[in-house]
Every structure is written in structure tokens, then in C-alpha cells.
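Chemist: structure for the following, please:
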Amino acid sequence: MTYQELVQKIVDLQNDGLELFNAGKSVLGKNLLGTHLGSYEGNQIVIQGCIHAREYITTLLMIEQVKYLHSQGLNVSGGIYFLFMTDPDGVEIVLDGINSAPCEITKQYLILGNNNSTNFSQYKANINQVDLNTNFDADWGQGTQNVFCPNSENFCGFYPESEREVQGLVNFTLKNRPLLTISYHSKGEVIYYGFQGESAENLERDRQIGTRLSEETGYQLILTENSTGGYKDWCIRKLQIPAYTIEVGRSELPHPIGIEYLPEIFEQNRYVPELALGLANEYASQIKSAKIVNINTKERKIKNDSYARSGFNGAKSFQNRRSTSWSSNHQK
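Modeler: Numbering: from 1, shown residues only. Have a look, this model is predicted:
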């Protein structure tokens, strides 16, 4: 698969009547494409994927989730934002190779940070060699695996929110104020929840929601430790909302996970978006999303004021839709 073929899969969603929007831009000016399902009224959640370049299987998963929900109808109140690919520049390097870099200087810079290798199949960072999921302002630079020099992975940047992709995701989240977020990663079949400094009350709330997601997917629920600067961490710290990192794909699979494993991963995650929105509604009274800590929104330039607006009302019950035979697909 090439980068353009992957992007085309997102663009082709418009053929099904879905509208796309841009949540921001990458360093090289690529659009951070997304879509919305459900109503813009009521509670909203955000699901984002491929913040690590080699994890483009999560983009393919989210495309399948969107197709499924669009065909079946969303039968819970509120809406879901899907942001398909947070690191498009990095994905292009992984899929198309180093020759897709815009100039010779950039190529040499990338090769140097990639252990002098031209094999970028394991590359995680953006075009600046920043690991975007360590660049958020949530105990930035304090993760046990953080490095402080440009690298193919784990470089947290020279300061928090230095990267254009992170700025776009932060601004988008502040504008739309979700009650819950999910970040899709690969691999390991685990769900991470919680963040250091979170109140005991909120941590228990997040554990309860996470338990439901764990039961749905068959993935193990794990409390986050020794990891900082991620989107999940930022959502918990700054917005005080439940946020989760879901690692798809069996741990023994190689990076990047091949498209042949997509059916298995999709079956495990088919109902996660709708379930997550339902749980956000269920726990809404406990989610104090209106309180944002340590953010002066007047100093932020919130972009992308014109997002697509289209309602979508489902006719079928989420619970009735699930077949009795489907549960067997969840066994590890």
C-alpha cells in the first residue's frame, strides 16, 4: 500500500455520503482528515489514530468502523469525531520510503536519526523526528523512555506542543470539548487508562468505563505508569475527562501490522465507538469537562472554525444489533 492509496481510502468515504473536515495541518502541510457521525447536539467523543507513523493499521481500522456505523446508524445520542491520521508525514515515509522526503537535506536528517538506516518500516515520529505522542503538555519530558534529541522514536521535542500536528489536535479538542477520547495505537491488545495526579474519584470513574471497553474488546485493562506527554495524558490532565489508549493487534505481530490482520482487529473493535459514546452519556454527570486546568484559551489561536455539519440518526438499537454469535470473535 502507498500513502496515496491510504489517503484515498479516507477520501472515498465521501462516496458513501460522509463529509470530511480538516482538524489541522502537518509540518509538510498535509490535512489531518476527519469525519463526524451522529448529531452535533449533545455529548461528543473523539477517536484519533495513527499518531505513530508505523501504526497506520489504526487508520484502516477507523475507516472500517466509520463505514459500519454509517451503514447501521448510530442509535445513541450525541456524536463521534474520527481523526484518521495524526501523523501523515511520518506515514508517507513508512509507506513510500525515504525518497518521499521533500529534499536531500531532510533525507539526510531523517536517515541520521534512524540509526543511519534507509529502512523506515519501524519509524514512529513525524518529519521533524518528534514522537508526537510524547509532545503534549502533560508532564512533558518526564517519561522513562523519553529522549531529548531527534530520533525515529521517543524524542519528545524541544518543548511541549512544538509540533504542528499536536497543536492541531489540541486546538481541535479544545474547540469541540469531548467528554471522552480514544487513541488507537498498535500493538499488544491492551487498554491504558488513568494518569498520574488524577483524583481518586476520576480514576475510579475511568476504571469503570475502561472495564466496559475491556469486556467489549477482550483486551486487558492496564493503569498507565511511567509514561507522560501523550494525548490521553493531556486529555486527562487538562480536561479532566476519561481518555484511553487502545493498543490493537496481538503482541507477537511485527510492526507495521499487515492489512491481513485488519478483519480480526475490526471484529474486536467493531462496537467500541458506539459503546464509548454510550458510556460518555452514562457517566456525563461525573465528567467535569467544562473545567480546563492551566490553559488560557484566550492565548490560543483556535483554528478550523468551519467544520462540516450533518446529523445522522440510527434506527436500530445498539444492543439489538449485536448478534449472539459475535461474542466468540472476542476470545483471545
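
Chemist: against residue 283, how distant is the nearest residue to residue 193 once chain neighbours are set aside?
Modeler: Leaving aside its sequence neighbours, residue 193 sits nearest to residue 210 (C-beta to C-beta, 6 or more residues apart in numbering; 4.1 Å). Any C-beta I mention is one placed from the backbone N, CA and C, and that applies to glycine too. Computed with C-beta to C-beta, to the nearest Å, the distance linking residue 210 and residue 283 is 11 Å.

Chemist: show me what counts as buried in stretch 154-173.
Modeler: Residues of stretch 154-173 classed as buried by neighbour count (16 or more other C-beta atoms under 10 Å): 154-157, 160-161, 163-173.

Chemist: check stretch 249-264 too.
Modeler: Buried residues in stretch 249-264, defined by neighbour count with 16+ other C-beta under 10 Å: 249, 253, 255, 256, 257, 261, 262.

Chemist: tell me the residue in the chain that is farthest from the middle.
Modeler: Distance from the C-alpha centroid of the chain peaks at residue 104, with 31.0 Å (C-alpha atoms, centre = their mean).

Chemist: for residue 236, see how far away residue 42 is.
Modeler: Distance check for residue 42 against residue 236: by C-beta to C-beta, it reads 22 Å.

Chemist: between the two, who's got more neighbours?
Modeler: With neighbours defined as other C-beta atoms under 10 Å, residue 42 and residue 236 compare such that residue 236 has more, 26 against 15.

Chemist: helix, strand, or coil at the more buried one?
Modeler: Assigned with DSSP: H, G, I helix; E, B strand; the rest coil, residue 236 falls in the helix class.

Chemist: shared neighbours of residue 210 and residue 283, anything?
Modeler: Common contact partners of residue 210 and residue 283 (C-beta atoms under 8 Å, 6 or more residues apart in numbering): residue 242.

Chemist: hey, where'd the strands end up in this protein?
Modeler: 20-25, 31-38, 44-49, 79-83, 180-186, 190-193, 220-223, 243-248 (DSSP state E).

Chemist: dump those into JSON lines; add mean neighbour count as well.
Modeler: Converted to JSON lines, the strands of the chain look like this (neighbours: other C-beta atoms under 10 Å):
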{"stretch": "strand 20-25", "mean neighbour count": "19"}
{"stretch": "strand 31-38", "mean neighbour count": "23"}
{"stretch": "strand 44-49", "mean neighbour count": "26"}
{"stretch": "strand 79-83", "mean neighbour count": "25"}
{"stretch": "strand 180-186", "mean neighbour count": "26"}
{"stretch": "strand 190-193", "mean neighbour count": "22"}
{"stretch": "strand 220-223", "mean neighbour count": "16"}
{"stretch": "strand 243-248", "mean neighbour count": "26"}
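
Chemist: these into a markdown table, with extra columns for distance to residue 66 and mean pLDDT?
Modeler: Listed next are the strands of the chain as a markdown table, based on distance: least, C-beta to C-beta, whole Å; pLDDT from 0 to 100:
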| stretch | distance to residue 66 | mean pLDDT |
| --- | --- | --- |
| strand 20-25 | 10 | 97 |
| strand 31-38 | 6 | 98 |
| strand 44-49 | 9 | 98 |
| strand 79-83 | 6 | 98 |
| strand 180-186 | 13 | 98 |
| strand 190-193 | 21 | 98 |
| strand 220-223 | 25 | 98 |
| strand 243-248 | 16 | 98 |
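
Chemist: got those as a markdown table, with distance to residue 93 columns?
Modeler: Formatted as a markdown table, those follow (distance: least, C-beta to C-beta, whole Å):
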| stretch | distance to residue 93 |
| --- | --- |
| strand 20-25 | 17 |
| strand 31-38 | 17 |
| strand 44-49 | 17 |
| strand 79-83 | 20 |
| strand 180-186 | 17 |
| strand 190-193 | 26 |
| strand 220-223 | 30 |
| strand 243-248 | 22 |
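
Chemist: ok now do the closest residue to residue 144 other than its chain neighbours, which residues does it touch?
Modeler: Distances taken as C-beta to C-beta, 6+ apart place residue 226 nearest to residue 144, at 4.3 Å, with adjacent residues excluded. Neighbouring residues of residue 226 by C-beta under 8 Å, 6+ apart: 143, 144, 145.

Chemist: and the residue nearest to the first one when sequence neighbours are not counted, how far is that from residue 167?
Modeler: In space, not counting the residues next to it along the chain, residue 143 is nearest to residue 228; the distance is 4.3 Å by C-beta to C-beta, 6+ apart. In this structure, residue 228 and residue 167 are separated by 18 Å, where distance is defined by C-beta to C-beta.

Chemist: for the stretch 201-332 of the chain, give me the ranges with low pLDDT.
Modeler: 288-332 (pLDDT under 70).

Chemist: give me that answer again for 50
Modeler: 289-290, 294, 296-332 (pLDDT under 50).
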